[in-house]
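Enquirer: Fold the following for me, if possible:
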Amino acid sequence: MNERAGLERGPNAPVGEALRRDFALVANLRGFFEFDAYLLVSALRALVFHPRAPVLEVGVFCGRSLAAIASLYPEVRIHGVDPFYADFEGSPAFADEAGLLRAKAAGQTPDARIAALKKTLAALDRQNGTGLEKNLVLHRTTEAEFLSGNREQFQLVHIDAEHSFAAVSNSLDHMQKTLMPNGWLVFDDFLNPGFPDISEVVHTHPLFRRGLWPIVYGANKGVFLRAESEEGLVRDLRARLAAHFEAMGTPVRKMHDGAPMVELAEFAQPAKPRKTLAQRLRRLAGRPRDRS
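Expert: Below you'll find the predicted structure:
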């Protein structure tokens, strides 16, 4: 068992110093992934882990979330997918977020962002005796291109790329061949009111509750498990996660679909700015009206 896993000493375990120590290195990278998300993914890894299956992140940006997730899965290869745009204004997919992304990147070129990611992985390796840097596989391509050509299955897929209706729908269309059985699918910005397309696509997709089951919401993320039925494992995971976070003093409430919502306020990241009405209308203009 990975000693940094969130449930390593049962649901009453305090937040481990190893987690804090590792995240202190991760936090040197620019980006949006904060300690609340780190705790959530740590708890997922502690509950379901496949020893030889790789991990995938779509939307690397500055590498902060990729480094965080890699530190929790040191035994396996971690794949990162990103076209690594130098000019966010030149990308139609991120046109309404260009200013925010440019500010977060702070002038770093794509090569500089990749170098910083590898430097952080090397620092984590020195700290923990792991091999994260050699386990890293980067794909400098778009989400759609990678998913259409991919032939590998992953135990965890973290998606933080284009947030449009079409892009999220395409991601889900590929999940049966991308995500292994009993694998985790984690959508970033699932709880962000500025990106309503993400939750709407998931809740209206044919896979929802027919092979892809909601497990937990929190840290601005929606977490789903690929499973045949809601019986057994799905319900057990929901209950164990709820008990774990309640023992940490975290408010937990049950959502309409049976999954718990955890409020990790003590560790929460700053809120992202909401989209303006004009920005949201531009997104809505390109979305399909009917999936039937």
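
Enquirer: drop to CA atoms for contacts and neighbour counts, all remaining ones
Expert: Will do.

Enquirer: which of the residues in stretch 32-49 are buried?
Expert: The neighbour-count criterion (16 or more other C-alpha atoms under 10 Å) identifies 32-46, 48-49 as the buried residues of stretch 32-49.

Enquirer: likewise stretch 224-239?
Expert: Applying a neighbour-count criterion of 16+ other C-alpha under 10 Å, one finds Phe224, Leu225, Arg226, Ala227, Glu230, Val234, Arg235, Leu237, Arg238, Ala239 buried in stretch 224-239.

Enquirer: The helix or strand containing Leu121 packs against which elements?
Expert: Assigned by DSSP states H and E, Leu121 belongs to helix 110-128. The contact analysis (3 or more C-alpha pairs under 8 Å, 6 or more residues apart in numbering; DSSP states H and E) places helix 110-128 against helix 17-26, helix 64-72, helix 132-135.

Enquirer: what angle separates that helix from helix 64-72?
Expert: Interaxial angle, helix 110-128 versus helix 64-72 (axes from the mean of the first three to the mean of the last three C-alpha atoms, to 10 degrees): 30 degrees.

Enquirer: buried stuff in helix 110-128?
Expert: Under the neighbour-count criterion of 16+ other C-alpha under 10 Å, helix 110-128 has Pro110, Arg113, Ile114, Ala116, Leu117, Lys118, Thr120, Leu121, Ala122, Ala123, Leu124, Asp125 buried.

Enquirer: wait, what's in contact with the third one?
Expert: By C-alpha atoms under 8 Å, 6 or more residues apart in numbering, the residues touching Ile114 are Cys62, Gly63.

Enquirer: How about the secondary structure of Ala144?
Expert: helix (DSSP: H, G, I helix; E, B strand; the rest coil).

Enquirer: Confirm for me that it is in contact with Asn170.
Expert: Yes. Counting by C-alpha atoms under 8 Å, Ala144 does reach Asn170; the two are 7.2 Å apart.
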